[in-house]
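Undergrad: Can you look at this prediction? I've put the sequence above it.
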Amino acid sequence: MILYQPLFDAYHCSFRLLLLLTKFNEEAIEEERLRIYDFLMLYPSFLYKVKLPQAFVPIRKSIKVNQYNSTSSEKVVFERLRNMQNISLNALASTSLIDMEKLKDGQVVRTDVSLPQEILDRIANQSLERLTIINFLRDSMGKLSLKELKERTKLIEYKYDKN
């Protein structure tokens, strides 16, 4: 039996990162923030464990939890995902889809290089659940500082970060 796990697929990771960068449509996004958002897109059930501000709690009701797409050790999975994210970010930078110099500074910036129409079509045709998650990440989690995001998710060390 062959099982597919998007966690170990660099192409799937590259697509998720491009999807986030396209939907966020921001000048720059911190690399660590993008990594957390990518993890939350891959495992939306983890949002049930994140200590969210009271105003953000209704999102939990709109996300369907797939019991087969959950994990017991998020930090371990997040660290495994880091390898795929590094490969994907470097591949995107090498094809000039993101700025290599900004990436070295911990910022991810989408360049003006056009994406193929097939990828643009796939980005446009996302499921309602995935769009709900993306909108939540952009509109609600985007209001949190990076340190607060790290603190609430507990996926990345934050104690020594500046405010």
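TA: Happy to help now that I have it.
Undergrad: For the helix or strand hosting Tyr37, which outside residues touch it?
TA: Element membership for Tyr37, per DSSP states H and E: helix 31-42. Applying Cβ atoms under 8 Å, 6 or more residues apart in numbering, the contact partners of helix 31-42 are 6-7, 13, 16-17, 19-21, 46-47, 74, 77-78, 81-82, 85, 89, 103, 106-108, 130, 133-134, 137, 141, 146, 149-150, 153, 155-156. No exception for glycine: its C-beta is placed from N, CA and C like everyone else's.
Undergrad: Can you pick out the ones from those residues that are in strands?
TA: Among the contacts of helix 31-42, DSSP state E puts 107-108 in strands.
Undergrad: Any of the contacts of helix 31-42 buried? List them.
TA: Neighbour counting by 16 or more other Cβ atoms under 10 Å classes 7, 13, 16-17, 19-21, 46-47, 74, 77-78, 81, 85, 89, 103, 107-108, 133-134, 137, 141, 146, 149-150, 153, 155-156 among these as buried.
Undergrad: Give me the mean pLDDT for the longest helix belonging to the chain.
TA: When the chain is parsed with DSSP state H, its longest helix is helix 74-94. Helix 74-94 shows an average pLDDT of 93 in the prediction.
Undergrad: same deal with stretch 7-26?
TA: In the prediction, stretch 7-26 has an average pLDDT of 91.
Undergrad: Any figure for the gap between Asn83 and Asn135?
TA: Separation of Asn83 from Asn135 (Cβ to Cβ, to the nearest Å): 28 Å.
Undergrad: How about Ile2?
TA: Computed as Cβ to Cβ, the Ile2 to Asn135 distance reads 33 Å.
Undergrad: show me where the chain has helices.
TA: For the chain, applying DSSP H gives helices covering 10-24, 31-42, 59-62, 74-94, 100-104, 117-124, 128-139, 146-153.
Undergrad: between these, which gets nearest to Pro53?
TA: With Cβ to Cβ as the criterion, Pro53 lies closest to helix 146-153 of these, at 8.4 Å.
Undergrad: and the closest one, what does it pack onto?
TA: Counting contacts by 3 or more Cβ pairs under 8 Å, 6 or more residues apart in numbering; DSSP states H and E, helix 146-153 is packed against helix 31-42.
Undergrad: what is the rounded mean pLDDT of the helix it packs on?
TA: Mean predicted confidence for helix 31-42 is 94.
Undergrad: Not counting sequence-adjacent ones, nearest residue to Gln85?
TA: Among residues not flanking Gln85 along the chain, Arg35 sits closest, at 5.5 Å (Cβ to Cβ, 6 or more residues apart in numbering).
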